[in-house]
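A.B. asks: Let's see this in three dimensions:
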Amino acid sequence: MLVEGKEAPSFKLKDQHGEVISLDSLKGKNVVLYFYPKDDTSGCTKESCNFRDELPKFSKFNAVILGVSPDSVESHKKFAEKYKLTFSLLSDEKKEVLKKYGVWQEKSMYGKKYMGVVRTTFVINEKGMIKKIFPKVKVDDHNKEVIEALKA
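C.D. replies: Prediction:
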């Protein structure tokens with residue numbers, strides 16, 4: 001279980017352009033790492049578009065936004081193009097980073113159990129330490145909560 005104040009697990013994943021993004025390469029910046037279940041679904045689209053709409057505010061805090069889901073690079077590319085998302089969407093098809101961050105969990109819908117992504121956001125500071133964890137995120141106004149965490 002990851003906790004605030006501890007080092008964020010390192011990772012390397014491909015974004016929607018096929019470029020490898022690593023957490024280590026972002027030292028010196030604040031990182032908003034948000035895990036979401038699936039491209040182009042209602043909650044995930046709303047969450048991603050809310051981050052997109054507030055990008056100028058995030059850049060004031062030297063923050064980079066990274067979305068992560070188990071979708072493919074190609075799926076991310078279509079999703080990013082459709083909604084004009086200009087930040088990186090990282091593909092974790094093997095679910096290695098999802099498991100490292102503890103967001104790949106058993107879920108339940110209509111009484112049926114299955115494994116999936118629990119919508120979670122990590123704010124990581126310039127030194128690579130976890131500053132804030134938002135578990136089981138509610139999409140509405142989540143971007144504002146994250147901005148407040150960056151201010152703190």
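
A.B. asks: only C-alpha atoms for contact and neighbour calcs from this point on.
C.D. replies: OK.

A.B. asks: Would you mind listing the buried residues in stretch 56-67?
C.D. replies: Neighbour counts using 16 or more other CA atoms under 10 Å place 58, 63-67 of stretch 56-67 among the buried residues.

A.B. asks: sorry, that was for stretch 141-152
C.D. replies: Those would be 142-143, 146-147, 150, for stretch 141-152 by 16+ other CA under 10 Å.

A.B. asks: between those residues, which is nearest F122?
C.D. replies: V146 (8.9 Å; CA to CA).

A.B. asks: what is the rounded mean pLDDT of the helix or strand hosting that closest one?
C.D. replies: Using DSSP states H and E, V146 falls within helix 142-151. Mean pLDDT, helix 142-151: 94.

A.B. asks: now that helix, how far from the centre of its chain.
C.D. replies: 14 Å (CA atoms, centre = their mean, to the nearest Å).

A.B. asks: Could you do stretch 138-152 as well?
C.D. replies: That offset, for stretch 138-152, works out to 13 Å (CA atoms, centre = their mean).

A.B. asks: could you pull out the helices for the protein?
C.D. replies: 42-53, 55-60, 73-83, 96-100, 142-151 (DSSP state H).

A.B. asks: The residue positioned nearest the centre of the chain and I133, how far apart?
C.D. replies: The centre of the chain sits closest to Y34, judged by CA atoms, centre = their mean, with a distance of 1.8 Å. Using CA to CA, to the nearest Å, one obtains 10 Å as the distance from Y34 to I133.

A.B. asks: which residues do those two both contact?
C.D. replies: 120-122 (CA atoms under 8 Å, 6 or more residues apart in numbering).

A.B. asks: Which of those fall in strands?
C.D. replies: 120-122 (DSSP state E).

A.B. asks: Can you get me the start-to-end distance on stretch 73-92?
C.D. replies: 9 Å.

A.B. asks: Identify each buried residue in that stretch, please.
C.D. replies: By neighbour count with 16+ other CA under 10 Å, stretch 73-92 contains the buried residues 73, 75-77, 79-80, 85, 87-92.
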